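Q: no sequence for this one, just the structure:
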């Protein structure tokens, strides 16, 4: 690190013209070449070196010694200026290209694969603004293809060999760290990669995540999902042109014969919005993939991992604040009741008492999509299926809650706390 700093960090109290960048870059490149000599020279001398298992075993020892050195040098320049990072990337270009070539050979060898992925992670984490987009795309596509092929051909080993379980978890965890950094980028820059990434994650990796049930892996997986939705929700939305055309058709269909606009239809069960599409009601595509992601969130709240519960509760609220997630028609039609049931029942059972205030705030956000529906339809339906109370008790707690139908946050939370305590009281009373 000291040598690398001397060669490519700016000299203090020296103008840019007097930094002698070209000479220093030359010295730094020679320094990197010296460090990489053990892994580059053998392949230059014999291109068939890695075709035999015995030589692979010898070579992987060299890789495991050398790549961590480069990862450490890269992380050392996390806060370095752009010029230094550009010189660092140029000096390590051959190492990155070599690692890509070696990835397909060593991905079945867990310890070496982990080191290669850690090296990629360090490079993309520190140097992503210096790397050309098409270069990143090529690297990621190769990694996705190799990872998919390897996972498919070795799925049995990955799934049942408990001796390798911890190393498999670490490999997948590092891979998700890389993917999380990638999906942090704007949609326009990575939209060509998203279908491959999502397909690999849910078709080939998700079952391993469930099987291992490793807390750190689960948290990294949901961090990836959060970054995916938070930064690239456009993947799940139809284009602006399609949305504009759809809105135009809907507005024409909603015109009455007298030229007025029908804004809603009132039924005996409440009011259902028909026209005047809001931000949350934009047409979506890739809907089933979005449903799978949000269902995964729902399942995560049923696990025993308190840290994951807190992480995903905050994630959902962040996504809703930024994307109006709960107001999406897809969410309202297929997931709203599920999440309301989940959080209200969790409050009642005290299984996550530490986060009750946060859950009540989330219930408020969910209910605020349509308070009329929440009070008149959802809560009576919830109490019908609520175990441990007789009909008179259900009617009592329902009437107490729905009498005022408050819509401000403090009053709503207060009333829900009363409702939760009433249901607990009646359950304890009836059980005794």
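A: The structure has been received and is ready for your questions. Owing to the predicted nature of the structure, the values given are computational and were not obtained by experimental measurement. Numbering: from 1, shown residues only.

Q: can you pull the contacts of residue 10?
A: 16, 19, 81, 83-84 (C-beta atoms under 8 Å, 6 or more residues apart in numbering). In short, each C-beta sits where N, CA and C put it, glycine included.

Q: try residue 120
A: 96, 99, 139, 143, 178.

Q: that one: which element?
A: helix 110-127 (DSSP states H and E).

Q: for whichever helix or strand comes after that helix, enumerate the helices and strands it packs against.
A: The first helix or strand that comes after helix 110-127 along the chain, using DSSP H and E, is helix 133-153. Packing partners of helix 133-153 (3 or more C-beta pairs under 8 Å, 6 or more residues apart in numbering; DSSP states H and E): helix 82-106, helix 110-127, helix 165-183, helix 194-200.

Q: redo the contacts of residue 120 as a markdown table? Include neighbour count, distance to residue 28 and pLDDT.
A: Formatted as a markdown table, the contacts of residue 120 follow (neighbours: other C-beta atoms under 10 Å; distance: C-beta to C-beta, whole Å; pLDDT from 0 to 100):
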| residue | neighbour count | distance to residue 28 | pLDDT |
| --- | --- | --- | --- |
| 96 | 18 | 16 | 92 |
| 99 | 22 | 19 | 91 |
| 139 | 20 | 22 | 78 |
| 143 | 23 | 27 | 78 |
| 178 | 20 | 26 | 92 |
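
Q: just put the residues you listed in a markdown table and tack on distance to residue 213.
A: As requested, the contacts of residue 120 are exported to a markdown table (distance: C-beta to C-beta, whole Å):
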| residue | distance to residue 213 |
| --- | --- |
| 96 | 34 |
| 99 | 31 |
| 139 | 31 |
| 143 | 25 |
| 178 | 22 |
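
Q: nearest to residue 387 among those residues?
A: Residue 387 lies nearest to residue 178 out of the contacts of residue 120, by C-beta to C-beta, at 45.3 Å.

Q: measure stretch 319-328 end to end?
A: 12 Å (C-alpha to C-alpha, to the nearest Å).

Q: mean confidence score for the helix or strand harbouring residue 413?
A: Using DSSP H and E, residue 413 maps to helix 409-431. In this model, helix 409-431 has a mean pLDDT of 95.

Q: what about that helix, distance to the chain center?
A: 34 Å (C-alpha atoms, centre = their mean, to the nearest Å).

Q: what comes up buried for that helix?
A: Using 16 or more other C-beta atoms under 10 Å as the test for burial, helix 409-431 gives 412-413, 415-416, 419-420, 422-423, 426-427.

Q: any chance of the residues you listed in CSV, with distance to residue 226 too?
A: Converted to CSV, these look like this (distance: C-beta to C-beta, whole Å):
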residue, distance to residue 226
412, 26
413, 25
415, 31
416, 26
419, 30
420, 28
422, 35
423, 32
426, 38
427, 35
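
Q: farthest pair in the residues you listed?
A: Across the buried residues of helix 409-431 (C-beta to C-beta), the longest gap, 22.6 Å, separates 412 and 427.

Q: which helices and strands does the helix holding residue 413 pack with?
A: helix 336-349, helix 356-367, helix 391-402.

Q: re earlier: now the helices and strands packed on helix 133-153 as CSV including distance to residue 321?
A: Output for these, formatted as CSV (distance: least, C-beta to C-beta, whole Å):
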stretch, distance to residue 321
helix 82-106, 33
helix 110-127, 27
helix 165-183, 19
helix 194-200, 23
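
Q: between those helices, which one is closest to residue 407.
A: helix 165-183 (35.6 Å).

Q: the inter-axis angle of the closest one versus helix 110-127?
A: 20 degrees (axes from the mean of the first three to the mean of the last three C-alpha atoms, to 10 degrees).

Q: which residues are in contact with helix 165-183?
A: Here helix 165-183 has contacts from 110-111, 113-114, 117-118, 120-121, 124-125, 128, 136, 140, 143, 147, 158, 190, 193-194, 197, 201, 205, 208-209, 212, 214, 216-217, 220-221, 223-224, 227-228, 231-232, using C-beta under 8 Å, 6+ apart.

Q: in what helix or strand does the residue nearest the centre of the chain lie?
A: The geometric centre of the chain, computed from its C-alpha atoms, lies nearest to residue 225 (C-alpha atoms, centre = their mean), at 1.8 Å. Using DSSP H and E, the element containing residue 225 is helix 215-232.

Q: mean confidence score for that helix?
A: 96.

Q: tell me which residues of it come out buried.
A: Quick answer for helix 215-232 (16+ other C-beta under 10 Å): 217-229, 231-232.

Q: so which of these is the closest to residue 361?
A: Looking across the buried residues of helix 215-232 and measuring by C-beta to C-beta, the closest to residue 361 is residue 226, at 18.1 Å.

Q: and the closest residue to that closest one other than its chain neighbours, how many residues sit next to it?
A: Nearest-residue entry for residue 226: residue 315, 4.5 Å, with adjacent residues in sequence omitted and distances by C-beta to C-beta, 6 or more residues apart in numbering. Residues within reach of residue 315, counting by other C-beta atoms under 10 Å, total 20.

Q: what distance do you get for residue 315 to residue 219?
A: 11 Å (C-beta to C-beta, to the nearest Å).

Q: then residue 105?
A: 31 Å.

Q: one step back: highest neighbour count among the contacts of residue 10?
A: residue 84 (21 neighbours).

Q: which residue packs closest to that one, ignoring adjacent ones?
A: Spatially, and ignoring its direct neighbours in sequence, residue 84 is nearest to residue 8 (4.5 Å; C-beta to C-beta, 6+ apart).

Q: hang on, isn't that neighbour packed against residue 27?
A: No: using C-beta atoms under 8 Å, residue 8 makes no contact with residue 27, being 9.1 Å away.

Q: neighbour count for these two, which is higher?
A: residue 8 (26 against 15).

Q: contacting residues for the more buried one?
A: So residue 8 contacts 24-25, 28, 77, 80, 83-84, 87-88, 91 (C-beta under 8 Å, 6+ apart).

Q: restricted to buried residues, select the residues you listed in ChimeraX.
A: Buried residues within those, by 16+ other C-beta under 10 Å, are selected in ChimeraX with:
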select :24,25,28,77,80,83,84,87,88,91
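
Q: what's the neighbour count on residue 191?
A: Around residue 191 there are 13 residues (other C-beta under 10 Å).
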